[in-house]
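Trainee: Give me the fold of what follows.
(2 chains)
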Amino acid sequence: MSEIIRRDPRREWIARNRLHPDNAAVLAALGVNRGGGAVSEWMGPNGVVRKDPRAIGFIGPNGVKRIDRSGLQQGGQATATTTAARDSRRTVTIDQPAFLVAVVPDLTGGRLSGHDKDLLGLARRVADADAEQPGAVVAILFGEYKGEGGGELKEQTLGEAGIDRVVHLDDEFYAGFAPEARLAALSAVEREMTPRFWLFPDSPLGGADLGRRLALRLGERAATGVWQVEADNEASLGWRCTARGAAGSLDIQRPLPRVALALAECAEPVDETRHAAEHLTLAASIPTTLSRIEDLGQVAVDPAGVALAEAEFILSGGNGVKQWDAFHHAAKVLGATEGASRVAVDDGFMARDRQVGATGTWVTARVYMAVGISGAIQHLQGIQRCDKVVAINLDPGCDIIKRADLAVIGDSTQILAALVAMVEQQRGGQRDAA
Amino acid sequence: MQPDLHQKQQQGIDVAVLVSIGRHPTTGRARRAEQDARGLELALAIEAELPGTRISMLHAGSQDDSSEAALRGYLGMGLESMTLLEQPEGSDAILPLVEHLAATSPQLVITGARAERGEGSGLLPYALAEHLGWPLVNSLASVEKVENGVVTLLQALPRGQRRRLKVRLPAIISVDEAAPVARQSAFGPARRATFAITTTTSEADSELAQWHLSPARKRPKRLKIVKAASARDRFKAAASKSEGKGGQVLTDVSPEQGAEAIYKLLKEEDVLR
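Mentor: Have a look, this model is predicted:
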């Protein structure tokens, strides 16, 4: 084919004339009409890009023309690749790490908590300090890991949190309170991989306990309550940390030791890169230790006695609840702590100390079940830190539906009754089996 | 009569309570430490439950007026004497305590989770457990029963939950805010109580001396960082209400179907017991 650009002036003229009956056909023949709307940019006859400013943008809801220059929207409809375009995180794979940073996240409820993510951010900072010789972050996970979905997605969330390698130990003897078994596993990791740093979250009954045990086993004087880490060439490992001491009244500056227990918000969580989260298995088998501590399991506590702010499972009622006896019965059967919206409290159905929201208590439940609550902004503020929100409501357009992870539209009395029946039936079945 | 008495003698155990000098959070004065006092309260509860239990209270540190006043705060809770392992200020408390505990070999050691002065790292109970080779249980709520060398405990979990544990003695337990509140200290008994002072070999904590200590600075508040490529995204992040992640909405379902979906989620989250 020759290099000479052949022009068809008539076709060009038709292409420019939007009112010409053949306009669409000619545009299609020229192959420039991809977006669906009018063509806004094309290559001119002399190799110069021509633009039609009138073809850009779309007519907004009020009849005013809007131009969206972010490139996400063209011709009034969003392109299908919105999410793909937004996810611009770099993929990082570290094949030959210069050193390892071991992190033992709490994995509360089978997911990485905010504290865990902050800690992984800190681990990334320590690992990536020298761009020439990056270290790898190894996460040692105990127990079941739920992730945000199933299959592939689990690894994805781990990788997005900044984990390069994963050692997942979910044998049943690590479940519950098993510090001796977990310590044996961590010692095996230490023998096999010898990480340069061990990082734990300084959270009661999670990393705080295990981290101190490991530190003493390794003969290290751990830094606890670390909230700041800075590079320092004079320190033996190249880092200096600031830790809280003496019941939070002292700041201790010291070289970062091999084992550190960090507070929440010690660093920014990873959000620009995506890591491999490659699974590793330990070569040597972990010696089973005869435990002197026997876990007899959790004790049933009276849910009404648990403070609302720290309750794990809250059943909250609002204006839509008509039969309060049935509501209280449901809370009892489900083993949930009772909460209420402002309306329910003002109407005298619930006590003032049960109010959830800006005026009442800011709750941190893992599961928050809102029955007949429409979701005023003050109420939504109060449940900001809840993990999963379940809503039962008659109105599909109310605000709590937008916040809820699971919303059921229907009559709350009937749904609660069905739920109670289901739970009672399941429990009855279990008792028969046992 | 005789066997009964014998039995009672058998039941009692030796409990050692480790106490430290506390620090009042606002005035900074020496006082009995909050968590250690709770530990002593726990020991006194065991004594009330099991007649014949012997409580020995231990403190490693220097002896001066302010620390004596603070220690008498513990003694006023109902003890007649305590052991003071005397060592100069700024020395490591772990070694003398390990030596003393190994020599006296109590069956149960109760400590607070962390000190209110000095490093306050909360490592001491773990160091004792590692040196003595005894099991350690942290964050204790109450002691349920002691029999046949096995103690049944309730451990406090976050969110007001409790876990029952069985631990073989000798053991170390550490208490924090979940344990029962300490009783008031009585002035008269506190004045009358005596100290048994033992001098110990101690070495200075040289590592701590090298660190830089300063009054706690307020931690910077975390800022909400918006990383957006275009002005439109930045504007959206600043102005718009955060949209829901788009959960599952079930419309036009029977109550049973709705209840089943909820039941499934509750099971998945493991909140039904």
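Trainee: From the chain's centroid, how far away is stretch B:13-24?
Mentor: The chain centre lies 11 Å from the centre of stretch B:13-24; the measure is Cα atoms, centre = their mean, to the nearest Å.
Trainee: list the contacts for residue A:374?
Mentor: A:318, A:319, A:320, A:393, A:395, A:398, A:399, A:400 (Cβ atoms under 8 Å, 6 or more residues apart in numbering or on different chains). The way it works is simple: take the backbone N, C-alpha and C, and place the C-beta from them, glycine included.
Trainee: now with 10 Å?
Mentor: Contacts for residue A:374 (Cβ atoms under 10 Å, 6 or more residues apart in numbering or on different chains) come out as A:318-320, A:341, A:343, A:391, A:393-395, A:397-401.
Trainee: All the strands of the stretch 51-200 of chain A, residue numbers only.
Mentor: A:58-59, A:65-66, A:73-74, A:77-78, A:90-91, A:100-103, A:136-142, A:165-169, A:197-201 (DSSP state E, counting those that start in this stretch).
Trainee: ditto for the stretch 1-150 of chain B
Mentor: According to DSSP E, counting those that start in this stretch, the strands that the stretch 1-150 of chain B contains are B:14-18, B:21-23, B:30-32, B:54-61, B:81-86, B:108-112, B:136-147, B:150-156.
Trainee: Could you export those as a markdown table, including mean neighbour count, distance to chain A and mean pLDDT?
Mentor: Shown next, in a markdown table, are these (neighbours: other Cβ atoms under 10 Å in any protein chain shown; distance: least, Cβ to the nearest Cβ, whole Å; pLDDT from 0 to 100):
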| stretch | mean neighbour count | distance to chain A | mean pLDDT |
| --- | --- | --- | --- |
| strand B:14-18 | 23 | 16 | 93 |
| strand B:21-23 | 23 | 7 | 91 |
| strand B:30-32 | 21 | 12 | 91 |
| strand B:54-61 | 21 | 15 | 91 |
| strand B:81-86 | 18 | 21 | 90 |
| strand B:108-112 | 26 | 10 | 93 |
| strand B:136-147 | 19 | 5 | 88 |
| strand B:150-156 | 20 | 7 | 90 |
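Trainee: out of these, which comes closest to residue A:278?
Mentor: strand B:136-147 (33.5 Å; Cβ to Cβ).
Trainee: since we're on residue A:140, how many residues are nearby?
Mentor: 23 (other Cβ atoms under 10 Å in any protein chain shown).
Trainee: ok, it - contacts?
Mentor: So residue A:140 contacts A:102-105, A:165-169, A:182, A:185-186, A:189, A:193, A:195, A:198, A:210, A:280, A:282 (Cβ under 10 Å, 6+ apart).
Trainee: Put the buried members of those into a PyMOL selection.
Mentor: This is the PyMOL syntax for the buried subset of the contacts of residue A:140, where burial follows 16 or more other Cβ atoms under 10 Å in any protein chain shown:
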select buried, chain A and resi 102+103+104+105+165+166+167+168+169+182+185+186+189+193+195+198+210
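Trainee: touching chain B at all, whichever helix in chain A runs longest?
Mentor: As assigned by DSSP state H, the longest helix anywhere in chain A is helix A:412-433. Yes - judged by Cβ under 10 Å from any Cβ of the partner chain, helix A:412-433 and chain B are in contact via A:412-423, A:426-427.
Trainee: Report the buried members of these.
Mentor: Looks like the residues of helix A:412-433 next to chain B have A:412, A:413, A:414, A:415, A:416, A:417, A:418, A:419, A:420, A:422, A:423 buried, using 16+ other Cβ under 10 Å.
Trainee: and residue B:272, which of the three is it?
Mentor: Counting by DSSP: H, G, I helix; E, B strand; the rest coil, the backbone at residue B:272 sits in coil.
Trainee: mind checking the SS state of the nearest residue to it once chain neighbours are set aside?
Mentor: In space, and not counting its chain neighbours, residue B:272 is closest to residue B:266: 5.1 Å by Cβ to Cβ, 6 or more residues apart in numbering or on different chains. With three-state DSSP as the basis, residue B:266 sits in helix.
Trainee: quick one on the thing from earlier: in terms of secondary structure, what does the longest helix of chain A contact?
Mentor: strand A:313-317, helix A:324-334, strand A:367-371, strand A:388-393, strand A:406-409, helix B:255-269 (3 or more Cβ pairs under 10 Å, 6 or more residues apart in numbering or on different chains; DSSP states H and E).
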